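Trainee: Fold the stuff below for me.
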Amino acid sequence: MMSTGTENPAEKLEQQTAEESVIKEEGETEKKGKKASLHERLAEAEAEVAALKDQLAQQDERYKRVLAEYDNFRKRSAKERESLYSEALGSAIASFLPVLDNMERAEALGSADEGLLLILKQLRDVLEKYNVQAFGAPGESFDPNIHNALLHVEDETLGEDVIAEVMEKGYRMGDRILRYAVVKSAN
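Mentor: Reported below is the predicted structural model:
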């Protein structure tokens, strides 16, 4: 509305109030639009935070799995190294057992001189150091897991499943069998 200059002050006040009301409504509409825009941005930010939290949880899970796999690998490698050392030591000791057998045969025949007996004692000390023990003596129970029966005899003076004679002693290092005992079993 155009003012003509002859307007009534009440009309002027009413017009001014109407204009202020329109301006106020436009401001409130603009505020509502800004609030809606802020709510939309807040919802988008919350969705982004949730997605990032999910991504972080997935990365954390992957990290824990890799860490567990590495720990298992480390333990398995240590066990393999320990096993490899034990196997190599057992193999090396097993290669000396025929020498020990021959030295013991010489001792049993009485044809071993003092030097040979000292070497035999030293070899036995080394085997003891590495916890190598002989097994398979006459009178022991026959165990097919650690004894190889080369012969079998029927002898009423011996019990059932007993070793009658030992042809070759067996040796073990801890739980590992280095060489099975070769025996003659009875009954």
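
Trainee: Need the three-state assignment for Val182.
Mentor: strand (DSSP: H, G, I helix; E, B strand; the rest coil).

Trainee: In contact with it, which residues?
Mentor: Contacts for Val182 (Cβ atoms under 8 Å, 6 or more residues apart in numbering) come out as Gly136, His147, Asn148, Leu150, Val166, Met167, Glu168, Gly170. To be clear about C-beta, it is placed using only N, CA and C from the backbone, and glycine gets the same treatment.

Trainee: who touches the closest residue in space to it that isn't next to it in sequence in this structure?
Mentor: Excluding its sequence neighbours, the residue lying closest to Val182 (Cβ to Cβ, 6 or more residues apart in numbering) is Glu168, at 4.1 Å. By Cβ under 8 Å, 6+ apart, Glu168 lies in contact with Asp101, Gly136, Arg179, Ala181, Val182.

Trainee: Make a ChimeraX selection of the buried ones in the residues you listed.
Mentor: This is the ChimeraX syntax for the buried subset of these, where burial follows 16 or more other Cβ atoms under 10 Å:
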select :136,179,181,182
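
Trainee: measure the residue nearest the centre of the chain to Lys79 for me?
Mentor: Nearest residue to the geometric centre of the chain (Cα atoms, centre = their mean): Asn72, 2.9 Å. Distance from Asn72 to Lys79, counting by Cβ to Cβ, to the nearest Å: 10 Å.

Trainee: residues near His147, how many?
Mentor: 21 (other Cβ atoms under 10 Å).

Trainee: Test my guess that it contacts Ile177.
Mentor: No. With contact defined as Cβ atoms under 8 Å, His147 and Ile177 do not form a contacting pair (10.2 Å).

Trainee: what's the overlap in contacts for those two?
Mentor: Common neighbours of His147 and Ile177 (Cβ under 8 Å, 6+ apart) are Gly170.

Trainee: now the strands for the protein?
Mentor: Assigned by DSSP state E, the strands in the chain fall at 132-135, 147-153, 162-168, 170-173, 176-179, 181-186.
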